[in-house]
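**Q** Sequence and predicted model, in that order:
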Amino acid sequence: MKLQRKTAVITGGSNGIGKATALLFAKEGANIVIGDLDEDAAADVVKAIEKEGVRASFIKTDVSQSDDCRAMIEHAEETFGNVQILFNNAGIMDVQDNSAEGTPEEVWARTMDINAKGVFLCCKFGIPALKRAGGGSVINTASFVSLMGAATSQVAYTASKGAVLSFTRELAVIHAREGIRVNALCPGPLKTDLLMKILDTDEKKNRRLVHIPMGRFGEAEEMAKAALFLASDDSSFVTGTNFMVDGGITAAYVTPEEM
């Protein structure tokens, strides 16, 4: 098993990519800590993990709040002794997120608080834990839109994911000689509740699909497998990357110089 005797903290671990990753990491031997606001869904994930004979724990966490992020990391260390994997996956895509003219200021602020500030706060408290453990892997969920504009207007989300990508690169450089790798997982459009609420008509779905060379939406389980690579020693010489898992969409529209 690739993650045996390791502990992974996963934010947004109750649904979508986070849930799929928590289940996969557990199968690979990792202890799992889920930080999320959805208590009922998190409880179901914890039960599913424990049925596999692996330990798991949940702590209610609002990643936009400093005290919550600190408490999440403290809980992980108190429960399992150390933390080697930090998957900063929690994020939102608000249905009111639109163009610069149409996006309400409060939507912009909330999106930045969760998607960008949340990653910062989790790293602020999580990276010292990885140092105490002797090193590890940080995975920040960005997006293909951090490299290119989205076909449907979502300026707050796009800007927040661009911030995550830039933040990831700098952390990778800062901590490279401390045994800590930091990478950005950049999913393409996925068949998740988060995106399907935005692409709520066939017209919107088809507008996005026409740009994907593989002609389909990705699955959360496919992102989990990519996260496993970044979390495990298989990626021991990989840091500071924007790891694209996008069905070829950026290859079709972004030049090598831009990537």
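**A** All right, it came through fine. What you see is a predicted model; the values in this text were computed from it and never measured.

**Q** Against N242, how distant is the residue lying closest to G218 once chain neighbours are set aside?
**A** Spatially, and ignoring its direct neighbours in sequence, G218 is nearest to L190 (4.6 Å; C-beta to C-beta, 6 or more residues apart in numbering). Where C-beta positions appear, they are placed from N, C-alpha and C, glycine not excepted. Distance of L190 to N242, computed by C-beta to C-beta, to the nearest Å: 17 Å.

**Q** Now do the strands in the chain.
**A** Using DSSP state E, the strands assigned to the chain run over residues 7-11, 31-36, 56-60, 85-88, 136-141, 180-187, 242-245.

**Q** Columns mean pLDDT on top of these, output as CSV?
**A** Output for those, formatted as CSV (pLDDT from 0 to 100):
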stretch, mean pLDDT
strand 7-11, 98
strand 31-36, 98
strand 56-60, 98
strand 85-88, 99
strand 136-141, 98
strand 180-187, 98
strand 242-245, 96
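
**Q** To S99, which of these lies closest?
**A** Proximity to S99 (C-beta to C-beta) singles out strand 180-187 among these, at 22.9 Å.

**Q** so that closest one versus strand 136-141, what angle?
**A** Relative orientation of strand 180-187 versus strand 136-141 (axes from the mean of the first three to the mean of the last three C-alpha atoms, to 10 degrees): 20 degrees.

**Q** What pLDDT does the model give S235?
**A** S235 carries a pLDDT score of 98 in this model.

**Q** which one is it nearest to, not counting chain neighbours?
**A** Nearest non-adjacent residue to S235 (C-beta to C-beta, 6+ apart): F229, at 5.3 Å.

**Q** What are the buried residues along the longest helix along the chain?
**A** For the chain, the helix with the greatest residue count under DSSP state H is helix 155-175. Buried residues in helix 155-175, counted by 16 or more other C-beta atoms under 10 Å: 155-165, 167-169, 171-172, 175.

**Q** Stretch 81-89 too?
**A** Buried residues in stretch 81-89, defined by neighbour count with 16+ other C-beta under 10 Å: N82, V83, Q84, I85, L86, F87, N88, N89.

**Q** ok, now which ones touch the third one?
**A** Under the criterion of C-beta atoms under 8 Å, 6 or more residues apart in numbering, the neighbours of Q84 are K6, T7, A8, L130, A133, G135, G136, S137.

**Q** are any of those buried, and which?
**A** In the contacts of Q84, the ones that pass as buried (16+ other C-beta under 10 Å) are K6, T7, A8, L130, A133, G136, S137.

**Q** hmm, what's the outermost residue in this structure?
**A** The centre of the chain is farthest from one residue, E101, which by C-alpha atoms, centre = their mean lies 28.2 Å away.

**Q** all helices for the stretch 1-150 of the chain, in order.
**A** Along the stretch 1-150 of the chain, counting by DSSP state H, counting those that start in this stretch, helices occupy 16-27, 39-51, 66-80, 105-112, 118-132.
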